[in-house]
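# Sequence and predicted structure are below.
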Amino acid sequence: MSIFVDENTTVIVQGLTGGQGRFHGLRNRDYGTRVVAGVTPGKGGSDVEGIPVYNTVREAVDATGATASFVVVPPPFAAGAIMEAAEGGITFIVCITEGIPAQDEAVTYNRLVEEFPGVRLLGPNCPGIISPGKCNIGITSGDIALAGGPVGIVSRSGTLTYQALYELSVQGVGQTTCVGIGGDPVPGTNFIDCLSAFEADPETKAVMMIGEIGGSEEERAAEWITHHMTKPVVAYIAGVTAPPGRKMGHAGAIISGSKGTAQAKMAALSAAGVRVCQNPTEAGQAMVDIVASL
Amino acid sequence: MSIFVDENTTVIVQGLTGGQGRFHGLRNRDYGTRVVAGVTPGKGGSDVEGIPVYNTVREAVDATGATASFVVVPPPFAAGAIMEAAEGGITFIVCITEGIPAQDEAVTYNRLVEEFPGVRLLGPNCPGIISPGKCNIGITSGDIALAGGPVGIVSRSGTLTYQALYELSVQGVGQTTCVGIGGDPVPGTNFIDCLSAFEADPETKAVMMIGEIGGSEEERAAEWITHHMTKPVVAYIAGVTAPPGRKMGHAGAIISGSKGTAQAKMAALSAAGVRVCQNPTEAGQAMVDIVASL
Amino acid sequence: MDLFEYQGKQYFARYGIAVSPGGVADTVDEALAVAERVGYPVVVKAQVKVGGRGKAGGVKLAANADEVRTHAGTILGLDIKGHVVRRLWIERASDIAREYYASFTLDRPNKVHLGMLSAQGGVEIETVAQEDPDAIAMLSIDPVRGLDLATARRWVAEAGLDEEARAQAAELLVKLYECYTKGDCDLAEINPLILTTAGTVHALDAKVTLDENASYRHPEWDEFRATETEDPRERRAKEKGLNYIGLDGDVGIIANGAGLAMSTLDVVNQVGGSAANFLDIGGGANADVMAAALELINSDPKVKVIFVNVFGGITRVDEVATGVLEALGRVTITSPIVLRLDGTNAVEGRAILAPHLSDTLITEPTMLDAARRAVAIANA
Amino acid sequence: MDLFEYQGKQYFARYGIAVSPGGVADTVDEALAVAERVGYPVVVKAQVKVGGRGKAGGVKLAANADEVRTHAGTILGLDIKGHVVRRLWIERASDIAREYYASFTLDRPNKVHLGMLSAQGGVEIETVAQEDPDAIAMLSIDPVRGLDLATARRWVAEAGLDEEARAQAAELLVKLYECYTKGDCDLAEINPLILTTAGTVHALDAKVTLDENASYRHPEWDEFRATETEDPRERRAKEKGLNYIGLDGDVGIIANGAGLAMSTLDVVNQVGGSAANFLDIGGGANADVMAAALELINSDPKVKVIFVNVFGGITRVDEVATGVLEALGRVTITSPIVLRLDGTNAVEGRAILAPHLSDTLITEPTMLDAARRAVAIANA
């Protein structure tokens, strides 16, 4: 099994007719994902390499029964696209858009929670989700993933997500699902959501978690793990040597005062029984050992 | 000078035609308070010993220009009476009613703050306010007060308010104003409001503060005193020996865990430079000494 | 007024809050009848107004009639921290997937309502608050606006409740808030609020404190009041309109006003004594009230002396003095009485008492003097 | 983007928030002109994006033209913690009765907006938060609903602002919230927010951080951007679309992705080295980008070795290898380069580089190996 998506997930791409949307949408379809429709206002009736395009999410959902959406539109339109997806009946939304204003993210997140409590948003500004061999929504390269489990991956960092997948795949350790939650100020899905889903997924036997400096999500995850996680977790936190007060790419990756340091996060996770590693390679090796011992 | 009320304050009594309203309303008038009207729905046009009665606060205010109201109606009608006073143009409301449900108090307090930010409520369940020789609204006996200042009194406890007044008066130390704020769950006026007004009143030279166990109002007052009070303050806190977890009369006088103990309050006040005394007599004597040294 | 668990659940049910099916039982047979009705397995729960009943053996799982018989028999009559179990609540056992905590109470410093919600339920919330305060999602609620479903949905997400529980929990919290406000509770607490393995959310326990001031608009509270098991002395006091709390010392206290009564306790303690009670006779101090108060104190075998501390504000001291004399004429008081009468008409009051003063009826000019005298007698 | 105080006040003024009358001055003469216009006494304030300017002598009261001349002359050119003062803000001095604190920011853990209001302003709010957390009234604001006047009125009462300040403060806070949200601020802070002796409430300072992601809808931000004084290397990097932060070590870092770049710093540190910079070249890694990145690192005299750490996800490693070779053909790089190229098409990529490898162009199979090699070269 996998979490959030599987081989039956039907996906629409909001922004399929754009450059990025076309590239990633087709790439996802080539991977085997059931990409059933695109949505671009004003381009309804056309198609992108055989994928029909609709003017609205509602039309696309009515025509195809899709339950997931891949939002790949520029920042000024992203919040609107996410809300349109929820209003149109989509229950799983992946938004890779980077650069959405924080105010828009705050309003969008809370509107979803308040008005559409059954809808999950992944991202924005995340690499997406891949269940190797089943479904790939987002910009992760399918080549570096390996089907068959038994490891779940959840990561706040884009490139380190790929690194984590790669470290496992080259050693022959497959993944059930790899979720990139992104490092934006108001992520729709957080570590705990993913840990909880992995804990409930019978095929996932262990979880690799990639965090980074800033915020307190890793500390909250550690607390959750203490109380609820029975499966082994390996973690790596990027940014041990990052200087305080500087933004390192993500809005999330900034240390304020003594809060959000890699050291604090690593200590919290260690205290929760997580195997904390010093670099991605070490984390990959630790997971290989754990999987071998299962 | 005095705080909140003075010799020009014109007062209506909501509930003047009831037993308590009549007794205290007339007593206040006898003291010299400008009690100009009563309000009792359905009894408009009548009078109580020459004080005209109106059906509504609005009518009474229109007819008399009153700015203060003395609310002395049974608990089921008190919240409504307070709101009617605010809506009718009253800016200072004294409510002595004991036994108003906490839910009503919470709604009433917040409605006043949100809709009538210029209106002050004193009480409920308080003895009222007396500016000796000028104005007495409530149930305090004028006999035990002494005009001429220089001491301001603020108290959460009814009988200890009288005790405090008496301790000073018998020694010839007068009061500018004595405010009983009451011990109910949601008091309209708190210690800080009164301390702040006394600090601003040129005739008040020192303040006596009577607190009791429960809640954290004394601690908050201590914090305020630390930052803003220049005049000497003498305090007495009742309930040093009270057992935790038992209600001692007021809803306020209950100790939960380590919070709200007399010891904590006394320590906070001492740290704020307040002269904290062990009993009302000692507090009175301390104030006599302070006044003598002014 | 604190409710028993079963009463709290009955109260919750009025507001549509889901609880386990169950019933009350005062005997083993009644327990069996409830168990047969709701279906096995059941939980047999002692109904006492004190925490820690589980550890004390007051909560047991019963898989069949035999076990119900055994457990009900054992728990009925059990003494849990001084509370003897007279009644049981028997309910269908739940398959618990997760335990949460939820409560509403008044945030007195901020004068708004405070909702507390935690994904870590089933344990003392004070412990969670100390060890991991971030695990409690605090929600300030403006009493004027109340709690709506949208806000409740945001709140359950913020608290990190499991996703499958969120929709139901949000709806339950809105109902619990309604119970708290319209139901005039000082506290409405569910610990644990559970998610079952079948995916439903309901209240597994109920802790409700009602605001006595609101009883005039809740005739339905009468049945709760009927089961109140108070100290008989405190109940008798309440019937007379007196506010009495029994304590451990030997100086009986009578004072007018809660603040003065507390202050009297303090002063007695300050001069080396220890109070036998807190007793506030309120504003009135006529002969009836004073007689009832003296009689009440006198019935406490610990009491060696009675300290009457009255400050005449509205109350006139001459009336108090007359009341004391009248009371003494009507009841026989075995302990010496020390009076401190001050305030309005104090001179007249003392004059009234003067001819009657003796070794067992003493007046002192100040609170402190009177306390010293009373304590000296008690310690003699 | 952090704003200078005067820019923050200009931004506040757009949303109707009261500030002291004043003006900007880059010279002593301009300072005098502003002072004459707004009226004495004035405050001469250094405009620097760093705290503690008051203690550093960057804020002075001037009662007349002479004093303005003296203070403006002294402050212009003053070095405050490495920030040289180039601009002044001259404003009419206020008679301060009380100082408060107010701010809005995002409460990231709870995903709502957080208002902080305190009657204890004028000092570091972090100090207040530590020493007396109750002195800060925290308000959680649902971004969907925003802040209305009724709630603001409740909030100012809860925070214990002086009564005469409350009505004005509540209105100001609603405007500040509007500035924070519609104005796309990450932070909108007023410290102190003052009550004057004349009874008016206004902002005496302004600390505003704008969310760069929202710049597309704020053409008015261009004037703020014009005054940004960045590290020239960081500015050049930004122009090229690179995310560069200068550090103190000697190992130059080039990586794709912020997480991998941070991780690269960590690994370099772990094996005993120290990074000269953070540099994220993002998803693209063509010749242009790689050339710009190598040139940028090369211009840092501290750098002794360059560590290129690329993981091919979307980016294909063969393209990266080609990019590096093209870049080396276009710019002269003085430091040795250690490359770790992994991921999609890594084999092809390494093959492309193979003929060109030397003592100054080295590949290593893993991140850790490459870090060790780079650090060995730097420490040699």
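Received it, and whenever you're ready, just let me know what you need. Numbers count the residues shown, from 1 in each chain, chains lettered A, B, ... in the order given.
# for chain A, what are the nearby residues on the stretch 151-300 of chain C?
C:151, C:153-154, C:157, C:160, C:162-163, C:166-167, C:170 (C-beta under 8 Å from any C-beta of the partner chain). In this view, the C-beta of every residue, glycine as well, is placed from N, C-alpha and C.
# if we go to 7 Å?
Within the stretch 151-300 of chain C, the positions adjacent to chain A are C:153-154, C:157, C:160, C:162, C:166-167 by C-beta under 7 Å from any C-beta of the partner chain.
# so which of those is the most crowded?
Comparing these by number of neighbours (other C-beta atoms under 10 Å in any protein chain shown), residue C:154 comes first, having 27 neighbours.
# sorry, back to before: need the max-distance pair from the residues of the stretch 151-300 of chain C next to chain A.
Largest separation among these by C-beta to C-beta: C:154 and C:162, giving 16.0 Å.
# Does residue C:174 touch residue C:151 like I think?
No - look at residue C:174 against residue C:151 with C-beta atoms under 7 Å: they stay out of range, at 8.8 Å.
# isn't there a strand covering residue A:209?
Yes - membership of residue A:209 in a strand is supported by DSSP: H, G, I helix; E, B strand; the rest coil.
# Quick one: residues contacting residue 187.
As the question left the chain open, I've gone with chain A. By C-beta atoms under 7 Å, 6 or more residues apart in numbering or on different chains, the residues touching residue A:187 are A:123, A:181.
# actually chain C
C:103, C:105, C:207-209.
# from those, which is closest to chain A?
Nearest to chain A out of these is residue C:103 (C-beta to the nearest C-beta; 19.4 Å).
# Over to the nearest residue to that closest one once chain neighbours are set aside. Which of the three states is it?
In space, and not counting its chain neighbours, residue C:103 is closest to residue C:189: 3.8 Å by C-beta to C-beta, 6 or more residues apart in numbering or on different chains. Look at residue C:189: counting by three-state DSSP, its state is strand.
# Filter the contacts of residue C:187 down to just the buried residues.
If you count burial by 16 or more other C-beta atoms under 10 Å in any protein chain shown, the buried members of these come out as C:103, C:105, C:207-208.
# quick one: the closest residue to chain A within chain C from residue C:178, how far?
Residue nearest to chain A within chain C (C-beta to the nearest C-beta): residue C:150, separated by 3.7 Å. Shown here: residue C:150 relative to residue C:178, a distance of 16 Å by C-beta to C-beta, to the nearest Å.
# Let me have the residues of the stretch 151-300 of chain C next to chain A in JSON lines, extended by distance to chain B and pLDDT.
As requested, these are arranged in JSON lines below (distance: C-beta to the nearest C-beta, whole Å; pLDDT from 0 to 100):
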{"residue": "C:153", "distance to chain B": "23", "pLDDT": "97"}
{"residue": "C:154", "distance to chain B": "21", "pLDDT": "96"}
{"residue": "C:157", "distance to chain B": "26", "pLDDT": "95"}
{"residue": "C:160", "distance to chain B": "26", "pLDDT": "92"}
{"residue": "C:162", "distance to chain B": "30", "pLDDT": "93"}
{"residue": "C:166", "distance to chain B": "27", "pLDDT": "96"}
{"residue": "C:167", "distance to chain B": "28", "pLDDT": "95"}
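# so which of those comes closest to residue A:173?
residue C:162 (28.4 Å).
# care to break chain A down by domain?
What the record gives for chain A is the domain set A:10-122, A:140-293, from automatic domain parsing.
# which non-adjacent residue is nearest residue A:17?
In space, not counting the residues next to it along the chain, residue A:17 is nearest to residue A:40; the distance is 4.3 Å by C-beta to C-beta, 6+ apart.
# I'd like to know how many residues surround that neighbour.
Taking other C-beta under 10 Å as the criterion, the count of residues near residue A:40 is 20.
# now residue A:86
Residues lying near residue A:86 (other C-beta under 10 Å) number 21.
# Point me to the helix or strand that includes it.
Secondary structure assignment for residue A:86, by DSSP states H and E: helix A:75-87.
# Against which helices or strands is the helix or strand harbouring residue C:130 packed?
Assessed by DSSP H and E, residue C:130 sits inside helix C:125-131. Using 3 or more C-beta pairs under 7 Å, 6 or more residues apart in numbering or on different chains; DSSP states H and E as the contact criterion, the secondary-structure elements in contact with helix C:125-131 are strand C:112-118.
# quick one, helices of the chain?
All of this refers to chain A. In chain A, helices defined by DSSP state H lie at A:19-31, A:57-64, A:75-87, A:102-115, A:158-169, A:191-200, A:217-228, A:262-271, A:280-293, listed in chain order.
# oops, chain C please
Under the criterion DSSP H, helices of chain C are mapped to C:5-14, C:28-38, C:65-75, C:125-131, C:149-158, C:163-182, C:222-226, C:232-239, C:258-270, C:287-298, C:317-330, C:346-353, C:367-379.
# Show me what the longest one is packed up against.
Counting contacts by 3+ C-beta pairs under 7 Å, 6+ apart, the secondary-structure elements packed against helix C:163-182 are strand C:96-107, helix C:149-158, strand C:185-196, strand C:201-203.
# can you redo the ones you listed as CSV with distance to residue A:47?
Shown next, in CSV, are the helices and strands packed on helix C:163-182 (distance: least, C-beta to C-beta, whole Å):
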stretch, distance to residue A:47
strand C:96-107, 46
helix C:149-158, 38
strand C:185-196, 45
strand C:201-203, 45
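# Out of those, which is closest to residue D:185?
Going by C-beta to C-beta, the one of those nearest residue D:185 is helix C:149-158, 22.2 Å.
# Chain C contacts on the stretch 101-250 of chain A?
Looking at chain C, the residues of the stretch 101-250 of chain A close enough under C-beta under 7 Å from any C-beta are A:110, A:113-115, A:117, A:192, A:196, A:220, A:223-224, A:227.
# let's see it at 6 Å
Selection of the stretch 101-250 of chain A residues close to chain C by C-beta under 6 Å from any C-beta of the partner chain yields A:110, A:113-114, A:117, A:192.
# which pair in those residues spans the largest distance?
By the measure C-beta to C-beta, those have their two most distant members at A:114 and A:192, which lie 19.5 Å apart.
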